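Participant: Can you look at this prediction? I've put the sequence above it.
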Amino acid sequence: MIQSIGIAVVLLLLGIWLKQRIYFFERFAIPAPVIGGFLFALINLVLHQTGIAEITFDTTLQSFFMVIFFTTVGYGASLKVLRAAGPKVMVFLVVAIVLTILQNVVAVGLAPIVGVDAKLALMTGSVSMTGGHGVSGGIAPLVEQSGVSGAETVAYTAATFGLIMGSLMGGPLANRLITKGNLMDQKAAKVDIDESLIAHVARKLRGDAMLHAFVMILVSMLIGSFVTDAMNHFVGMLTDKAAFPLYFGSMIVAIILRFINDSREQKEYKELVPTQEVEILGVIGLNFFLAMALMNIKLWELAELAVPMLILLVGQTVLMWLFANFVTFRVMGRDYDAAVLTAGHCGFGMGATPNGMANMDSVVTKFKESKLAFFILPIIGGMFIDFANIVNILVFLNIA
């Protein structure tokens, strides 16, 4: 176990070093643990194929860091922010949820055509597209344990593909929408934006606050483990085809505690949950969890799945382009802000919120700013979509 986390740290540092020096990784916002983990997976592939060795690791701490990360996702879901953000944010949340449903419909629909298990095909749906590497790491092991071989490898590979394609697609699509519709000439709509909702007021980090945050996360994990067990016991009485992931109860507990924290802040009580420190611990948890997950994937399992997986991923790419062009852009107002947000949706709908932000930044650098788009995307991509997506995925896994 100690050796496993030690190697994961080395791979994480290697990924950071490579990302700083190779433009491709920086351009497409490939996470450092993904770089290091995939590099080791490639080495392990060579060792396996040549018959020299096959390296395996203890994954105990991988699960621990995974639950830490998803617990912090729950703490990030502020219902106060969602209520105060206005109707445009709610509309985009609905749009983003609809996309996750369609991503899974496409995956399940193509599964019999390409001849793969529907649950395996779902790993190329919203698990890896909207969910990215984080949700892939939470869901794919469950599918693997249910007997679907190769689920983790497919999910992580699809998530990496999504990062690249989403980044390539967003800017050109927005550029076409803006120039074709002469959106630069339109008068900007006046929108009252409370930017304090997403502003990060950094304060000096303190050891006691960091300890407080860590304790709150662990308490949520403790209570959440009982919540998950209770939910799975209830579900088990109805069906043996579905189960909630280990971290689901912890996310629910964290959301409740965040709601209590926001209510206390309105009454000017002492902060129950130090959100800045929780966010930092979430980043730490995600990086360690991804490094351990990626270095464990078995790339040789992709050999028989290469062609079916390519077809599934092309299907997801076509869906994202059509959805962004004909749904996101139109529903969000068919104006300049909507075009910028469309670019962002391509990035986070096929990869991660940072990719969406990078897409939008490239668009506004060429044209003009869009405060509305930069307000909406991080709220939905960073706070709410993961929870909604996981519920959606569990439904599809149950019926697939």
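Facilitator: Yep, that arrived. Numbers count the residues shown, from 1 in each chain.
Participant: Going toward the C-terminus from the least confident helix or strand in the chain by mean pLDDT, what's the next helix or strand?
Facilitator: Ranking every helix and strand in the chain by mean pLDDT, DSSP states H and E puts helix 79-84 at the bottom, with a mean of 70. On the C-terminal side of helix 79-84, the nearest following helix or strand under DSSP states H and E is helix 87-114.
Participant: K19 is in contact with F25, correct?
Facilitator: Yes. Using C-beta atoms under 8 Å, F25 is in contact with K19, at 4.4 Å. C-betas here are computed from N, CA, C, even on glycine.
Participant: what is in contact with those two at once?
Facilitator: Counting by C-beta atoms under 8 Å, 6 or more residues apart in numbering, the shared contacts of F25 and K19 are I35.
Participant: so where do the helices sit in the stretch 201-350 of the chain?
Facilitator: 207-238, 248-266, 275-295, 306-323, 329-331, 336-349 (DSSP state H, counting those that start in this stretch).
Participant: Mind listing what's buried along the fifth one?
Facilitator: Taking 16 or more other C-beta atoms under 10 Å as the neighbour-count basis, helix 329-331 is seen to contain the buried residues F329.
Participant: can you list the residues that contact it?
Facilitator: Residues outside helix 329-331 that contact it (C-beta under 8 Å, 6+ apart): V91, V95, L177, A338, A339, T342.
Participant: Contact partners for the fifth one?
Facilitator: Taking C-beta under 8 Å, 6+ apart, we find A339 in contact with A174, L177, I178, G181, L183, F329, V363.
Participant: now swap in the first one and tell me
Facilitator: Contacts were defined as C-beta under 8 Å, 6+ apart; by that measure V91 touches V331, M332.
Participant: doesn't G76 make contact with E279?
Facilitator: Yes. In this structure E279 lies within contact range of G76 using C-beta under 8 Å: 6.9 Å.
Participant: neighbour count winner among those two?
Facilitator: G76 (20 against 15; other C-beta atoms under 10 Å).
Participant: Excluding chain neighbours, what is closest to that one?
Facilitator: With C-beta to C-beta, 6 or more residues apart in numbering as the criterion, G76 has its nearest non-adjacent residue at 5.1 Å, and that residue is M383.
Participant: ok, for G381, nearest residue in space, not its chain neighbours?
Facilitator: Closest to G381 by C-beta to C-beta, 6+ apart is T353, at 3.4 Å.
Participant: Can you give me the separation between that neighbour and L299?
Facilitator: 27 Å (C-beta to C-beta, to the nearest Å).
Participant: which of those two has more neighbours?
Facilitator: T353 (21 against 17).
Participant: Against A303, how distant is the more buried one?
Facilitator: 33 Å.
Participant: The nearest residue to G150 once chain neighbours are set aside: how many residues sit nearby?
Facilitator: What sits nearest to G150 in space, not counting adjacent residues and going by C-beta to C-beta, 6+ apart, is E301, at 4.0 Å. Residues within reach of E301, counting by other C-beta under 10 Å, total 16.
Participant: hang on, isn't E301 packed against A151?
Facilitator: No. At 9.2 Å, E301 does not count as touching A151 under the criterion of C-beta under 8 Å.
Participant: Touching, L173 and C346? I think so.
Facilitator: Yes. At 6.2 Å, L173 counts as touching C346 under the criterion of C-beta under 8 Å.
Participant: Please work out which residues outside stretch 136-155 touch it.
Facilitator: With C-beta under 8 Å, 6+ apart, stretch 136-155 has contacts from 66, 70, 117, 119-120, 122-124, 127-128, 131, 156, 158-159, 243, 245, 247, 289-290, 293, 296-299, 301-302, 305, 309, 390, 393, 397.
Participant: any idea of the mean pLDDT for that stretch?
Facilitator: Stretch 136-155 carries an average pLDDT of 87.
Participant: which stretches of the stretch 101-250 of the chain aren't confidently modelled?
Facilitator: Scanning the stretch 101-250 of the chain for pLDDT under 70 picks out 186-203, 238-243.
Participant: H212 versus L281, what's the distance?
Facilitator: 11 Å.
Participant: So for the two, which sits in the more crowded spot?
Facilitator: With neighbours defined as other C-beta under 10 Å, L281 and H212 compare such that L281 has more, 20 against 17.
Participant: Tell me how far that one lies from H133.
Facilitator: L281 is 18 Å from H133, by C-beta to C-beta.
Participant: same question, D208
Facilitator: 32 Å.
Participant: swap in Y156?
Facilitator: 6 Å.
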